[in-house]
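Q: A predicted structure for the sequence below; I have some questions about it.
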Amino acid sequence: MTEPSPTSIRDALQGTAPTGAIQVQGWVRTRRDSKDFSFIEVNDGSSLRNLQIIAKSSLPNYAAVQRLTTGASISVTGALVASQGKGQKWELVADNIDIVGTADDSYPLQKKGHTPEFLREIAHLRPRSNLFSSIFRVRSRLAFAVHQFFQERGFVFIHTPIITSSDCEGAGELFRVTTLDPAAAELRTTDGEIDYTKDFFARPTYLTVSGQLEAEALALALSKVYTFGPTFRAENSNTSRHASEFWMIEPEMAFCDLNGNMDLAEEFVKYLIADARKDCPDEMELFAKFVDKELLARLDFVVERPFQRITYSVAIDLLRKSGEKFEFPIDYGLNLQSEHERWLTEKHFKCPVTVFNFPKEIKPFYMRLNEDGKTVAAMDLLVPGIGEIVGGSQREERLKMLEENMRRHKMDPADYKWYLDLRRYGTAPHSGFGLGFERMLMFITGVPNIRDVIPFARTPGSAEF
Ligand code: 4AD
Ligand code: MG
């Protein structure tokens, strides 16, 4: 008999008829023995569900099969038959069980009910748990949905550089990229400064905090573009919502104002939620059962209703009049803190809120100055449980104004000649935003810590694996 090519457990479980000979490969979840059989639950990560293997005592290696433990890898051939047992439609009666890799009782995922903190320490093994395999399947599906959303709408996918010489957000949260040996004295100029002309790129370079500036160049040629890539921030915020390396989706649209931008962000967020609800039903049910009981009701509510939109100054008024005791002060001209964002969306409006028109002093140089001369056409989309999930703006397309903004932000326009060229030649109103992919995943899965929605998290003081 020739070996059949392996079937995923997902496909096996979706079978419509018994099948003579199939092969599945995966990791043992549990084994229990009766008089003449062993029942082995095997999982290959293609689905939340396990496939039950029936191992008869007539198997030549039955003694070894009876020693199989949780975590071992096996390759099984046999017939897919209707299951006698409850809870599954199909099971596999094994003709042959190859024990590919054993696992002994030091395998850490024996018991259920490990804490998230413990599981983070075994980030290389946690994808074998139901919760984490579900998170990473949803992550994959949603990455696909991101492309689907933009491709359906005629956006062009562009790749922006990961190494860059500009600080898009101007917040100084940059990881430096260099090949210089910090100990080499000859790299210093006479006044002791490091001479970056001797560095690899002959200038200071960093890991990107955002692909926006480059995306603007492409939007002012291809009209509608988006990036989806890793971004890096050396901000020392040890919170459940900040990662030092995270993935961001950044659309950029020419001939589009802030309203069009807010509309797109809202449509996008709803699309991703609806996609997960539709395409990952088992996983979503698992999150609702074990992570957050309110999850599905909350998500369905978010998809069905329009988001609230308020200006920054209305937000400040509401917060001032809230009667709530906040840790951080509320004053026109100050940034909204996470506690303020959460009050607006969780307590006051009880739905996602887009705050727009922020004071120019608290926003980066590239945002478009409004008629009032005080605010810029910025927007932040806030969601319950998390706070800011999207940040975006209409960009300053007027050359003089942009140069002025740069000087106000202590930037030298000469360093950004290429960016200013976009305003010199065929400038056009344009807008875009960034959606934090991990924050979106937290919102959709209900998982409360960003470290648990990315396979290997990078956070201050932590870059293991
Ligand atoms: O608001 P931010 O800083 O906006 C920008 O970077 C713009 N250049 C985007 C644009 O207009 N093209 O970041 C955008 C989003 C935030 O709303 C948040 O969801 C996420 O990126 N984000 C983070 N996610 C995880 N960890 C961090 N440290 C994050 N910083 C921002
Ligand atoms: Mg922001």
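A: Sure thing, it's come through. Ligands and ions are numbered 1, 2, ... in the order given.
Q: ok, which stretches of the stretch 1-150 of the chain are strands?
A: When assigned using DSSP state E, counting those that start in this stretch, the strands of the stretch 1-150 of the chain occupy the ranges 19-33, 37-43, 51-56, 73-82, 90-101.
Q: I misspoke; the intended subject was the stretch 251-400 of the chain.
A: In the stretch 251-400 of the chain, strands defined by DSSP E, counting those that start in this stretch lie at 308-311, 353-359, 375-383, 387-394, listed in chain order.
Q: Export the ones you listed as a markdown table, with columns for mean neighbour count.
A: Backbone N, C-alpha and C define where each C-beta goes, glycine included. Formatted as a markdown table, the strands of the stretch 251-400 of the chain follow (neighbours: other CB atoms under 10 Å):
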| stretch | mean neighbour count |
| --- | --- |
| strand 308-311 | 16 |
| strand 353-359 | 22 |
| strand 375-383 | 25 |
| strand 387-394 | 24 |
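Q: closest one to residue 89 among those?
A: Checking the strands of the stretch 251-400 of the chain against residue 89 by CB to CB gives strand 375-383 as the closest, at 37.5 Å.
Q: ok, how many other residues are close to residue 119?
A: Residue neighbour count, defined by other CB atoms under 10 Å, stands at 18 for residue 119.
Q: rewinding a little: just the strands of the stretch 1-150 of the chain: most buried one?
A: The densest packing among the strands of the stretch 1-150 of the chain, expressed as mean neighbour count by mean count of other CB atoms under 10 Å, is seen in strand 51-56 with a mean of 22.
Q: Can you name every helix or strand that it contacts?
A: helix 9-13, strand 19-33, strand 37-43, helix 62-65, strand 73-82, strand 90-101 (3 or more CB pairs under 8 Å, 6 or more residues apart in numbering; DSSP states H and E).
Q: and the shortest one, average pLDDT?
A: So the one you mean is helix 62-65. Average pLDDT, helix 62-65: 96.
Q: That one: which residues count as buried?
A: Neighbour counts using 16 or more other CB atoms under 10 Å place residue 65 of helix 62-65 among the buried residues.
Q: which residues are contacting that helix?
A: With contact meaning CB atoms under 8 Å, 6 or more residues apart in numbering, helix 62-65 is reached by 38, 40, 55, 56, 59, 97, 99.
Q: residues touching the last one, list them.
A: This means residue 99. Counted by CB under 8 Å, 6+ apart, residue 99 has contacts 61, 64, 65, 68, 72, 73, 74.
Q: Can you get me the start-to-end distance on stretch 252-259?
A: When the termini of stretch 252-259 are compared using CA to CA, to the nearest Å, they are 13 Å apart.
Q: Next, see if that stretch gets close to ligand 1.
A: No: contact between stretch 252-259 and ligand 1 is absent, the nearest approach being 6.7 Å (criterion: CB under 6 Å from any ligand atom).
Q: Give me the contacts around that stretch.
A: The set of residues external to stretch 252-259 that reach it, using CB under 8 Å, 6+ apart, is 212, 215-216, 218-220, 223-226, 260-261, 264, 356, 368, 377-379, 393-394, 428-432.
Q: Just the buried positions in stretch 191-202, please.
A: Using 16+ other CB under 10 Å as the test for burial, stretch 191-202 gives 194, 196, 199.
Q: got those residues as a markdown table, with distance to residue 411 columns?
A: Conversion of these to a markdown table gives the following (distance: CB to CB, whole Å):
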| residue | distance to residue 411 |
| --- | --- |
| 194 | 21 |
| 196 | 17 |
| 199 | 21 |
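Q: Which of those residues scores worst on pLDDT?
A: Looking across the buried residues of stretch 191-202, the weakest pLDDT belongs to residue 194, with 86.
Q: So which bits of the stretch 151-300 of the chain are right by ligand 1?
A: Within the stretch 151-300 of the chain, the positions lying close to ligand 1 (CB under 6 Å from any ligand atom) are 168, 169, 210, 212, 233, 235, 242, 243, 246, 248, 250.
Q: Of those residues, which belong to strands?
A: 246, 248, 250 (DSSP state E).
Q: Using CSV, lay out the residues you listed together with pLDDT.
A: What follows is these, written out as CSV (pLDDT from 0 to 100):
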residue, pLDDT
246, 98
248, 98
250, 98
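Q: can you put the strands of the stretch 1-150 of the chain in a markdown table and add distance to ligand 1 and mean pLDDT?
A: Rendered in a markdown table, the data for the strands of the stretch 1-150 of the chain read as follows (distance: least, CB to the nearest ligand atom, whole Å; pLDDT from 0 to 100):
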| stretch | distance to ligand 1 | mean pLDDT |
| --- | --- | --- |
| strand 19-33 | 31 | 95 |
| strand 37-43 | 30 | 96 |
| strand 51-56 | 36 | 97 |
| strand 73-82 | 34 | 96 |
| strand 90-101 | 36 | 97 |
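Q: quick one: secondary structure of residue 431?
A: Following DSSP: H, G, I helix; E, B strand; the rest coil, the label given to residue 431 is strand.
Q: Now do the same contact list for the spatially closest residue to it that is not a sequence neighbour.
A: Once flanking residues are discounted, residue 431 sits nearest to residue 261: 3.9 Å by CB to CB, 6 or more residues apart in numbering. The contact partners of residue 261, taken as CB under 8 Å, 6+ apart, are 253, 379, 392, 393, 394, 431, 432, 433.
Q: Let's see that with 10 Å instead.
A: The contact partners of residue 261, by CB atoms under 10 Å, 6 or more residues apart in numbering, come to 251-253, 354, 356, 377-379, 390, 392-395, 430-433.
Q: Would you state the helices of the protein in chain order?
A: Along the chain, the segments classed as helices by DSSP state H run 9-13, 62-65, 116-121, 130-152, 212-222, 258-279, 281-290, 295-304, 312-320, 338-342, 399-408, 417-424, 437-445.
Q: Single out the most deeply packed of those.
A: For the helices of the chain, the stretch with the most neighbours on average is helix 437-445, a mean of 24; neighbours defined as mean count of other CB under 10 Å.
Q: Show the average pLDDT along that helix.
A: Averaging pLDDT along helix 437-445 yields 98.
Q: That helix: how far from the chain's middle?
A: For helix 437-445, the distance between its averaged C-alpha position and the chain's averaged C-alpha position is 6 Å (CA atoms, centre = their mean, to the nearest Å).
Q: How about stretch 199-218?
A: Relative to the mean C-alpha coordinate of its chain, stretch 199-218 is positioned 22 Å out (CA atoms, centre = their mean).
Q: which of the ones in strands among the residues of the stretch 151-300 of the chain next to ligand 1 count as buried?
A: Using 16+ other CB under 10 Å as the burial test, those include 246, 248, 250 as buried.
Q: What about residue 122, how many residues nearby?
A: Number of residues near residue 122 (other CB under 10 Å) recorded here: 15.
Q: Tell me which residues touch the closest residue to it other than its chain neighbours, please.
A: Of all residues not flanking residue 122 in the chain, residue 108 sits nearest, at 5.3 Å (CB to CB, 6+ apart). Listed by CB under 10 Å, 6+ apart, the contact partners of residue 108 are 71, 114, 118, 119, 121, 122, 125, 126, 128.
Q: Understood, closing this out.
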